[in-house]
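Colleague: Below are the sequence and a predicted model; questions follow.
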Amino acid sequence: MMRIDRCVCFDVPFAELADVVAETGASSVEALQAHRRFGQKCGLCRPYVRRMLRTGEVVFREVVADGA
Ligand code: FES
């Protein structure tokens, strides 16, 4: 089964980004990028990170696309 839990391009787990949210209060992809390098290559992780910011989920088993 598909398991999506990180920015693959930069090998940054969404759980690590969630920790950054907890530590810093970052509330957007852009704010998180001030603390970790991710999301600046293929960009496919960015919708997942946006959902993590809304829901706290850090592991996904479905495709999440922009607008989801
Ligand atoms: S998976 Fe994050 S930039 Fe490609």
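Modeller: That came through fine.
Colleague: Looks like residue 40 contacts residue 30 (just checking).
Modeller: No. At 10.7 Å, residue 40 does not count as touching residue 30 under the criterion of Cβ atoms under 8 Å. In short, each C-beta sits where N, CA and C put it, glycine included.
Colleague: Phi first, then psi, for the residue nearest in space to the middle of the chain.
Modeller: What sits nearest the mean C-alpha location of the chain, by Cα atoms, centre = their mean, is residue 49, with 2.6 Å. The phi/psi pair for residue 49 (degrees, to the nearest 10) reads phi -70, psi -40.
Colleague: Setting the sequence-adjacent residues aside, check what's closest to it.
Modeller: Using Cβ to Cβ, 6 or more residues apart in numbering and skipping residues adjacent in sequence, the residue nearest residue 49 is residue 29, 5.4 Å away.
Colleague: so what's the one you found up against?
Modeller: 39, 46, 49-50, 53 (Cβ atoms under 8 Å, 6 or more residues apart in numbering).
Colleague: burial of residue 17, as a residue count?
Modeller: 26 (other Cβ atoms under 10 Å).
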